[in-house]
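Undergrad: Just need the structure, nothing else, for what follows:
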Amino acid sequence: MVHIWLLAEQRDNETRVGLTPNGAAELMAAGISVSVEASPTRVIPDAAYQQAGCTMVPGHSWPDAPKDAIIFGLKELPEDGTPLPHRHIMFGHAFKGQPAGLRLLQRFKAGGGTLLDLEYLTDDNGRRLAAFGYWAGYAGAAVALKCWAAQQNGGIAGPIGAYESSTHLLADLQSDLVATGSHRPDALIIGALGRVGSGVADLCTAMGVATTKWDMAETSSGGPFPEVLAHALFFNCVLARPGTPVFVPGDTGTQDRRLSVIADIACDPDSDFSPIKVYDQTTTWETPALRVHDTPALDVTAIDNLPSMLPLESSEDYAEQLLPVLASLSKPDASVWSRAAAIYAQHIARL
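TA: Next up is the predicted model:
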């Protein structure tokens with residue numbers, strides 16, 4: 001029997017979950033066993049999983065789970081160097097040469113486990129089957145506007161937090177913008193046709209921010225792209241990969257520009273392929289803006305768990321997308337999992 005072990009996330013400000021109680025009940029009805037670690041911070045309470053019939057287990061007990069259990073979580077595991085003998089379903093960020101990712105792969109190699117990366121669960125055409133992208137874009141646009149509003153007041157954006165719903169987020173953001181007056185910035189979105197770009201565009205529309213929407217056709221020339229400098233806000237919604245053009249060169253701060261806030265929602269600054277060359281570190285909930293130039297101000301916001309700002313809506317959306325993929329774990333020859341395992345094997349062989 002397939003056994004899914006839903007772990008309690010251990011990262012700060014991470015309350016999302018990839019499986020709802022209703023989804024767990026569907027999996028169990030299909031013959032899949034579901035264990036759920038207790039978590040005082042998960043956006044969906046333990047009692048709901050217990051009522052759904054899940055087996056409740058102590059929080060952070062996954063290292064001692066049966067070896068045939070499939071450990072399912074979203075974000076990073078503690079970096080303690082221990083070997084990893086289980087199959088893990090998670091966002092590993094380990095296949096693009098990132099230093100932390102290489103350390104994670106070494107742990108899987110040492111333990112004999114397998115990383116089935118959520119980012120690489122695709123259909124036969126290579127399209128991702130489940131993604132948090134829309135809510136990453138939505139929340140990322142909100143943070144960028146908070147950065148812009150702080151600049152209008154001569155400052156830099158302060159700490160952010162999670163919201164009960166998108167309605168609450170919009171009300172809070174509207175208050176910030178109203179305090180700056182009637183003027184609103186304009187924005188350029190690259191990757192506008194994808195999930196992330198759609199979330200950015202919807203938030204901008206709700207806040208009265210005019211947007212220019214670009215995708216592959218507009219960036220096929222390879223750059224440079226002076227249009228980026230001509231907008232107050234720039235949103236990168238394109239994943240870093242070989243061949244991605246540079247959208248923001250390293251000398252952007254000193255150029256003649258209207259650009260004042262860069263939101264790198266794809267957020268992969270330590271990749272050699274990053275299209276944003278003015279920064280090399282993520283920002284945080286406590287410090288959402290990184291000032292990379294002073295006069296005039298240029299801030300970068302690059303938070304790598306943006307959907308956690310709207311944990312319930314993003315969790316329910318993602319879990320609904322992922323549920324049929326998890327259900328296919330009961331089929332040994334399911335192509336989605338075979339592809340994910342093959343990608344892992346390719347990268348582990350290079351160590």
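Undergrad: all helices for this structure, in order.
TA: Under the criterion DSSP state H, the chain contains helices at 21-29, 46-51, 99-111, 133-152, 166-178, 195-206, 216-219, 226-229, 311-327, 335-348.
Undergrad: Quick one: mean pLDDT for the fifth one?
TA: When the per-residue pLDDT values of helix 166-178 are averaged, the result is 98.
Undergrad: Likewise for the first one?
TA: Here helix 21-29 scores 98 as its mean pLDDT.
Undergrad: okay, the angle between it and helix 311-327?
TA: 10 degrees (axes from the mean of the first three to the mean of the last three Cα atoms, to 10 degrees).
Undergrad: So which elements touch helix 21-29?
TA: Applying 3 or more Cβ pairs under 8 Å, 6 or more residues apart in numbering; DSSP states H and E, we find helix 21-29 packed against strand 33-37, helix 46-51, helix 311-327. Placement of C-beta: from N, CA and C, glycine included.
Undergrad: helices or strands up against the last one?
TA: Applying 3+ Cβ pairs under 8 Å, 6+ apart, one finds that helix 311-327 makes contact with helix 21-29, helix 133-152.
Undergrad: Throw those into JSON lines and include distance to Gly197, thanks.
TA: Output for the helices and strands packed on helix 311-327, formatted as JSON lines (distance: least, Cβ to Cβ, whole Å):
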{"stretch": "helix 21-29", "distance to Gly197": "27"}
{"stretch": "helix 133-152", "distance to Gly197": "6"}
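Undergrad: Of these, flag the one that's most buried.
TA: Of those, the one with the most neighbours on average (mean count of other Cβ atoms under 10 Å) is helix 133-152, at a mean of 25.
Undergrad: So for that helix, mean pLDDT?
TA: 98.
Undergrad: Please work out the angle formed by the directions of it and helix 311-327.
TA: Angle between the axes of helix 133-152 and helix 311-327 is 150 degrees (criterion: the same axes, to 10 degrees).
Undergrad: roughly how far out does stretch 273-290 sit from the chain middle?
TA: Chain-centre distance of stretch 273-290: 14 Å, with Cα atoms, centre = their mean, to the nearest Å.
Undergrad: and the end-to-end length of it?
TA: 20 Å (Cα to Cα, to the nearest Å).
Undergrad: wait, what's in contact with the most centrally placed residue in the chain?
TA: With distances taken as Cα atoms, centre = their mean, the residue of the chain nearest its centroid is Asn305 (4.9 Å). Counting by Cβ atoms under 8 Å, 6 or more residues apart in numbering, Asn305 touches Arg11, Asn13, Glu14, Arg16, Lys75.
Undergrad: Scan those and report the most crowded one.
TA: Counting neighbours by other Cβ atoms under 10 Å, the top entry in the contacts of Asn305 is Arg16, with 29 neighbours.
Undergrad: wait, doesn't that one sit right on Ser315?
TA: Yes - the pair Arg16 / Ser315 is scored as a contact, 4.7 Å apart, by Cβ atoms under 8 Å.
Undergrad: right, and Ala69 touches His88 too?
TA: No - Ala69 is not in contact with His88 according to Cβ under 8 Å; the separation is 10.1 Å.
Undergrad: Among those two, which residue is more densely surrounded?
TA: More neighbours surround His88 than the other of Ala69 and His88, with 23 against 17 (other Cβ under 10 Å).
Undergrad: beta partners for the more buried one?
TA: Bridge pairing for His88 (DSSP bridges) gives the partners Ile71, Leu115.
Undergrad: what's around Gly197, how many residues?
TA: Gly197: 26 neighbours (other Cβ under 10 Å).
Undergrad: Please tell me how far it sits from Arg241.
TA: 16 Å (Cβ to Cβ, to the nearest Å).
Undergrad: For the nearest residue to Leu177 once chain neighbours are set aside, give its distance to Phe95.
TA: Nearest residue to Leu177, sequence neighbours excluded (Cβ to Cβ, 6 or more residues apart in numbering): Ala149, at 5.8 Å. Separation of Ala149 from Phe95 (Cβ to Cβ) stands at 37 Å.
Undergrad: same check, this time on Leu145
TA: Using Cβ to Cβ, one gets 32 Å for the distance from Leu145 to Phe95.
Undergrad: circling back to that earlier point, so which of the helices and strands packed on helix 311-327 gets nearest Leu170?
TA: Among these, helix 133-152 comes nearest to Leu170, with 8.1 Å by Cβ to Cβ.
Undergrad: Kindly export that closest one (C-alpha atoms) in PDB.
TA: Output of helix 133-152 as PDB, limited to C-alpha atoms (Å, rounded to 0.1, in the frame of the first residue of the first chain):
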ATOM      1  CA  GLY A 133       2.400  30.500  -9.300                       C
ATOM      2  CA  TYR A 134      -0.800  32.600  -9.300                       C
ATOM      3  CA  TRP A 135      -0.600  33.300  -5.600                       C
ATOM      4  CA  ALA A 136       3.100  34.000  -5.800                       C
ATOM      5  CA  GLY A 137       2.400  36.600  -8.400                       C
ATOM      6  CA  TYR A 138      -0.500  38.100  -6.600                       C
ATOM      7  CA  ALA A 139       1.400  38.400  -3.300                       C
ATOM      8  CA  GLY A 140       4.600  39.500  -4.900                       C
ATOM      9  CA  ALA A 141       2.800  42.300  -6.700                       C
ATOM     10  CA  ALA A 142       1.400  43.400  -3.300                       C
ATOM     11  CA  VAL A 143       4.900  43.500  -1.700                       C
ATOM     12  CA  ALA A 144       6.300  45.400  -4.700                       C
ATOM     13  CA  LEU A 145       3.600  48.100  -4.200                       C
ATOM     14  CA  LYS A 146       4.300  48.200  -0.500                       C
ATOM     15  CA  CYS A 147       8.000  48.900  -1.500                       C
ATOM     16  CA  TRP A 148       6.900  51.600  -3.900                       C
ATOM     17  CA  ALA A 149       4.600  53.200  -1.300                       C
ATOM     18  CA  ALA A 150       7.400  53.200   1.300                       C
ATOM     19  CA  GLN A 151       9.700  55.000  -1.200                       C
ATOM     20  CA  GLN A 152       7.100  57.700  -1.800                       C
END
